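# need a 3D model of the sequence below.
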Amino acid sequence: MSGEYRVPDNLAYTREHEWVRTLNGIARIGITDYAAKTLSDVVYVSLPPIGQSIRQSTSFGTVESIKAVSELYSPLSGTVANVNTKLSDHPELVNASPYEEGWIIEIRPSNAEEEMIKLLNSKEYQELLGSLGK
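Numbers count the residues shown, from 1 in each chain. Below you'll find the model as predicted:
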């Protein structure tokens with residue numbers, strides 16, 4: 001099952017199907033290929049304001065598809081540094097390119113070193129997908 005979904009090795013993952021990549025003190029966050037395909041056609045993404053503080057494992061917005069509305073949970077704590085404004089006009093980028101063009105927010109992590117150990121690596125995330133049995 002997990003072979004059906006892209007799971008890049010260079011990312012960390014949550015059990016709620018978000019991913020995070022940290023680079024130069026900024027953490028980019030989005031939803032996984034599995035989440036994007038499960039949601040189906042994304043029609044709206046609610047984005048938090050720049051400067052908002054968010055805590056690990058708490059909701060920072062929603063993704064709405066023709067099937068459902070799903071909460072977005074932050075993999076890390078920090079301050080919102082940037083949002084993907086392309087999603088306002090093109091929410092389908094979340095489906096078409098979840099790890100590239102369809103990223104959702106960037107934050108300045110406040111406690112990345114301690115919080116990263118709570119996340120899944122790509123192998124652990126693939127095992128989680130395999131256990132879902134879909």
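
# low pLDDT regions in the protein?
Scanning the chain for pLDDT under 70 picks out 1-3, 133-134.

# mind checking the end-to-end distance for stretch 6-22?
Start-to-end span of stretch 6-22 (Cα to Cα, to the nearest Å) is 19 Å.

# what does it contact?
For stretch 6-22, the surrounding residues in contact (Cβ atoms under 8 Å, 6 or more residues apart in numbering) are 27-35, 38, 57, 71-76, 98-99, 109, 112, 116, 119-122, 124-126, 128-129. Using the backbone N, CA and C atoms, a C-beta is placed for each residue, glycine as well.

# again with stretch 40-52
Applying Cβ under 8 Å, 6+ apart, the contact partners of stretch 40-52 are 36, 54, 60-67, 79-85, 87-88, 91-92, 94-95, 104-105.

# next, the contact list for the residue nearest to the spatial centre of the chain, please.
Central residue of the chain (Cα atoms, centre = their mean): residue 30, 2.6 Å from the mean position. The contact partners of residue 30, by Cβ under 8 Å, 6+ apart, come to 18-19, 94, 98-99, 102-104.

# quick one, longest helix in the protein?
Secondary structure of the chain per DSSP state H: the longest helix is helix 122-132.

# elements contacting that helix?
strand 12-13 (3 or more Cβ pairs under 8 Å, 6 or more residues apart in numbering; DSSP states H and E).
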